[in-house]
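Chemist: I'd like to go over a predicted model; first the sequence, then the structure.
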Amino acid sequence: MFDNLKNLKDKAEEVAEAHGDTISDGLEKAGDIIDDKTDGKYTDKIETGVDKAQEYVEKLGEKEA
């Protein structure tokens, strides 16, 4: 079971390294859509969540390098 989890983590790191910019752009667009759908009511929370997710993707991509 732990080998499967390690393989999954390794794959996530590979994807983050290869496609980090695309993932980051997608997170930004998703945040914008959600913010628009909620009429800006949760803008600060959405921006914080998007920023944290983007930082995590960046860290995953750096681990592989």
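Modeler: Yes, it's here. All of these numbers come straight from a predicted model, not from anything done at the bench.
Chemist: packing partners of the longest helix out of those in the chain?
Modeler: In the chain, ranked by residue count with DSSP state H as the criterion, the top helix is helix 2-37. With contacts taken as 3 or more C-beta pairs under 8 Å, 6 or more residues apart in numbering; DSSP states H and E, helix 2-37 sits against helix 43-64. For glycine as for every other residue, the C-beta is placed from the backbone atoms N, C-alpha and C.
Chemist: quick one: the residue positioned nearest the centre of the chain from residue 4, how far?
Modeler: Closest residue to the average C-alpha location of the chain: residue 53 at 4.0 Å, with C-alpha atoms, centre = their mean. Residue 53 sits 24 Å away from residue 4, taking C-beta to C-beta, to the nearest Å as the criterion.
Chemist: same deal with residue 44?
Modeler: For residue 44, the distance to residue 4 - C-beta to C-beta - is 38 Å.
Chemist: for this structure, which spans come out with low pLDDT?
Modeler: 63-65 (pLDDT under 70).
Chemist: try 50
Modeler: For the chain, no stretch has pLDDT under 50.
Chemist: quick revisit: for the residue nearest to the centre of the chain, which non-adjacent residue is closest in space?
Modeler: Leaving aside its chain neighbours, residue 53 sits nearest to residue 27 (5.1 Å; criterion: C-beta to C-beta, 6 or more residues apart in numbering).
Chemist: number of nearby residues for that neighbour?
Modeler: Residue 27 sits with 18 neighbouring residues when counted by other C-beta atoms under 10 Å.
Chemist: likewise residue 31?
Modeler: Around residue 31 there are 19 residues (other C-beta under 10 Å).
Chemist: what's the burial count for the residue nearest to it when sequence neighbours are not counted?
Modeler: Of all residues not flanking residue 31 in the chain, residue 50 sits nearest, at 3.9 Å (C-beta to C-beta, 6+ apart). Using other C-beta under 10 Å, the number of residues around residue 50 comes to 19.
Chemist: shouldn't the residue nearest to residue 53 be in contact with residue 57?
Modeler: Yes - the criterion here is C-beta atoms under 8 Å, and residue 27 meets it with residue 57 at 7.4 Å.
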